[in-house]
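Chemist: take a look and give me a structure for this.
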Amino acid sequence: MCRKFGNVYCEEILDWKTLNFTNLTNLTNLTNLTNFTNLTNLTNLTNFTNFTNLTDLTNLTNLTNLTNLMNLLEIAGQKFKSRLILGTSRYPNPQVMLQALEESGTELITLSIRRLNLKAGDGQESILNMIDRHKYFLLPNTAGCYTAKEAVLTAQLAREALQTNWVKLEVIGDDETLFPDVTELLKAAEVLLADGFTVLPYCNDDPITCKKLADMGCAAVMPLGAPIGSGMGIRNPYNLQIIREMIDVPMIVDAGVGTASDAALAMELGVDGILMNSAVAQAKHPVMMARAMKLAIEAGRLAYEAGRIPKKLYANASSPVEGLIDVRTNGK
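Modeler: Numbering: from 1, shown residues only. Prediction:
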């Protein structure tokens, strides 16, 4: 028997039996469905009641970049789409460095002012002549300084040479561990802040030190995840969580990240960004690793903002147990 639905007859439908309309109660007027041939598979449309307004689903292709769903990283009023800060040393060659920077998506790069050839002119080989200053925001650092006085002088030199008051402050305690000298670090931070610098200090993963630096007025704090260049990953996630709760300024994990999973874990803990150099520059394939770090940081941040489920000791069924069909035999 052939039935008429509006202006459409069932004879026009090639294979009526394959269509599984489980809930058509809300389709009060089928006259608008003038061409079924475009609906190649309706078996998955089990309930039309959820499609209250299809006009909003006009273009899903714009959701190709999930970074648009994340909050921007903001440090001292400067906003960045990428939460990855990348170093510029120890790459196989300058071309690999530039390719890694591009692939990482970073907008903020750090360089050691004491290792730069500041006198190199145009055409001479220098990192400063290779980097597009319109594309990358430069963060000079005071690597290689062991006293507050050395760090302050280096920061002042960077300000004059690069025309920026931003500085990643490093004051190292010894050559063996490369851990920060907290006393000299606090002293240098105080001087630089008074001199108008935007200070981002590299420090231990010590909540008290980080709180002092934040209270002093540092634009961000940068606790280490593990010793510089060790690739050991996040050694003390609990301290990082405590620091996150104690300070209001951005927290950037600096040093220790070895691979993408380390970066994702750090971001899931709630850190605002990650600074790395060796993990990318000394990878077997630096450009590929730069891409991996970019994706890991995006995934970790999205997971943090999405909110993970609570951890439980015992199982918890994902399907509801209410209303289960009784399949027991003989009431047993």
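Chemist: give the buried residues for the helix or strand hosting residue 290.
Modeler: Counting by DSSP states H and E, the element that carries residue 290 is helix 286-306. For helix 286-306, a neighbour-count test (16 or more other C-beta atoms under 10 Å) marks 286-287, 289-294, 296-302, 304 as buried. C-beta coordinates here come from the backbone N, C-alpha and C atoms, glycine included.
Chemist: likewise stretch 226-235?
Modeler: Buried-residue list, stretch 226-235, by 16+ other C-beta under 10 Å: 226, 228, 229, 230, 231, 233, 234.
Chemist: quick check: the farthest pair among these?
Modeler: Farthest-apart pair in the buried residues of stretch 226-235 is 229 and 234; separation 15.2 Å (C-beta to C-beta).
Chemist: number of residues surrounding the residue nearest to residue 222 when sequence neighbours are not counted?
Modeler: The spatial neighbour of residue 222 that comes closest, neighbours along the chain excluded (C-beta to C-beta, 6 or more residues apart in numbering), is residue 254 at 3.8 Å. Residue 254 is flanked by 30 other residues according to other C-beta atoms under 10 Å.
Chemist: any idea what residue 254 is bridged to?
Modeler: residue 275 (DSSP bridges).
Chemist: does residue 206 touch residue 224 like I think?
Modeler: No - using C-beta atoms under 8 Å as the test, residue 206 is too far from residue 224 to be in contact (9.9 Å).
Chemist: what pLDDT does the model give the closest residue to residue 299 other than its chain neighbours?
Modeler: Leaving aside its sequence neighbours, residue 299 sits nearest to residue 264 (C-beta to C-beta, 6+ apart; 5.6 Å). Looking at residue 264, its pLDDT stands at 97.
Chemist: I'd like to know which of the buried residues of stretch 226-235 is nearest to residue 142.
Modeler: Out of these, the member with the shortest distance to residue 142 (by C-beta to C-beta) is residue 228, at 13.6 Å.
Chemist: ok, now which ones touch the residue nearest the centre of the chain?
Modeler: A centroid search over the chain (C-alpha atoms, centre = their mean) returns residue 297, at 3.2 Å, as the residue closest to the centre. Listed by C-beta atoms under 8 Å, 6 or more residues apart in numbering, the contact set of residue 297 reads 82, 83, 84, 263, 264, 267, 273, 274.
Chemist: repeat that for residue 268.
Modeler: Applying C-beta under 8 Å, 6+ apart to residue 268 gives the contacts 300, 303, 304, 308.
Chemist: go with 10 Å
Modeler: Applying C-beta atoms under 10 Å, 6 or more residues apart in numbering to residue 268 gives the contacts 234, 237, 299, 300, 301, 302, 303, 304, 308.
Chemist: could you do residue 87 as well?
Modeler: Contacts of residue 87 (C-beta under 10 Å, 6+ apart): 97, 101, 106, 109-112, 139, 141, 143, 168, 254, 275-281.
Chemist: switch to 7 Å and redo it
Modeler: Contact analysis of residue 87 by C-beta atoms under 7 Å, 6 or more residues apart in numbering lists 110, 276, 277, 281.
Chemist: with residue 146 instead?
Modeler: Residue 146 makes contact with 171, 172, according to C-beta under 7 Å, 6+ apart.
Chemist: could you redo the last one with a cut-off of 10 Å?
Modeler: Going by C-beta under 10 Å, 6+ apart, residue 146 touches 170, 171, 172, 173, 174, 175, 181, 184.
Chemist: low-confidence ranges in the stretch 101-250 of the chain?
Modeler: 117-125 (pLDDT under 70).
Chemist: residues contacting the host helix or strand of residue 210, please?
Modeler: Secondary-structure element containing residue 210, defined by DSSP H and E: helix 207-216. The contact list for helix 207-216 (C-beta under 10 Å, 6+ apart) reads 169, 180, 182, 185-186, 189-190, 192-194, 199-201, 203-204, 206, 218-223, 238-251.
Chemist: are any of those residues buried, and which?
Modeler: 169, 180, 182, 185-186, 189-190, 192-193, 199-201, 203-204, 206, 218-223, 239-240, 242-244, 247, 249-251.
Chemist: narrow the residues you listed to those in strands?
Modeler: Counted as lying in strands by DSSP state E, out of the buried ones among the contacts of helix 207-216, are 169, 199, 200, 201, 203, 222, 223.
Chemist: widest-spaced pair of these?
Modeler: Taking C-beta to C-beta, the two most distant members of these are 199 and 223; they sit 14.5 Å apart.
Chemist: tally of neighbours for residue 129?
Modeler: For residue 129, using other C-beta under 10 Å, the count is 13.
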